[in-house]
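# have a look; sequence and predicted model below, questions after that.
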Amino acid sequence: YWSELEEWVPLNGYTGSGFSYVPIEVLSGSQYLFSKADLLEARYLYGQFLSCSENTRTKLRIPLARLTQAVGSSNLVDKALDLGLALESLLLNDLGSNEQLSLSLRIRGAWLLGEDANDRHRLERIFKQLYHYRSQAAHRGKFDKDRVKIDSDLIPIQDFLKTGEELWAAIIKKILEKAKFPEWNRLILGMSSN
């Protein structure tokens, strides 16, 4: 097939076009074919990114880069590290190094994405486990177990990290929709952050 980037695509003009087979992702060996709906969403999100202030775009650079690396990585330890860095830079970019990072990360993520108290409670447990596996990856270079227990479910680590990728993407979308980072204290206290 012939590939050519549309005008709105961020790397248009920096990458070539041409005839090719279906591209295979280099690191993980996976492939993903974008639907028309995916392309419309990508175009919308890129437009939202451009509408953000320079400060917000700068703050999104590391999380976007790390999420991209995580999605493309076949090494689960590297994936957990990249997801952890993406999450910390998304949810903790305003905190000093001596503050409760893990607790803040879990609460902020749960309040940002959760629809109600039960959903926030479930998300808090997932973020806690994601941070735990990120810490194991960072400090030990491996995981103690190959399955993650969430409530009564035992989930293979690769599936659990895929859930992490989806949550990170959801957080980035929320930030892009508002074109700014949340006012965390207002969000957690249930106040409007507009």
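Noted; the coordinates are in hand.

# show me where this structure has its strands.
Counting by DSSP state E, the chain has these strands, from start to end: 2-3, 18-19, 147-150, 153-156.

# run me through the strand neighbours of the third one, direction for each.
It stands for strand 147-150. The pairing partners recorded for strand 147-150 under DSSP bridges are strand 153-156 (antiparallel).

# would you put the C-alpha positions of the partner strand in PDB?
Below are the C-alpha coordinates for strand 153-156, written out as PDB (Å, rounded to 0.1, in the frame of the first residue of the first chain):
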ATOM      1  CA  ASP A 153      -9.100 -11.600  39.700                       C
ATOM      2  CA  LEU A 154      -5.600 -12.800  38.800                       C
ATOM      3  CA  ILE A 155      -4.500 -10.900  35.700                       C
ATOM      4  CA  PRO A 156      -1.400 -11.800  33.700                       C
END
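
# flag every buried residue along it.
Of all the residues in strand 153-156, those buried under the rule 16 or more other CB atoms under 10 Å are Ile155. For glycine as for every other residue, the C-beta is placed from the backbone atoms N, C-alpha and C.

# and for stretch 130-145?
Of the residues in stretch 130-145, those buried by neighbour count under the rule 16+ other CB under 10 Å are 130-134, 136-137, 143.
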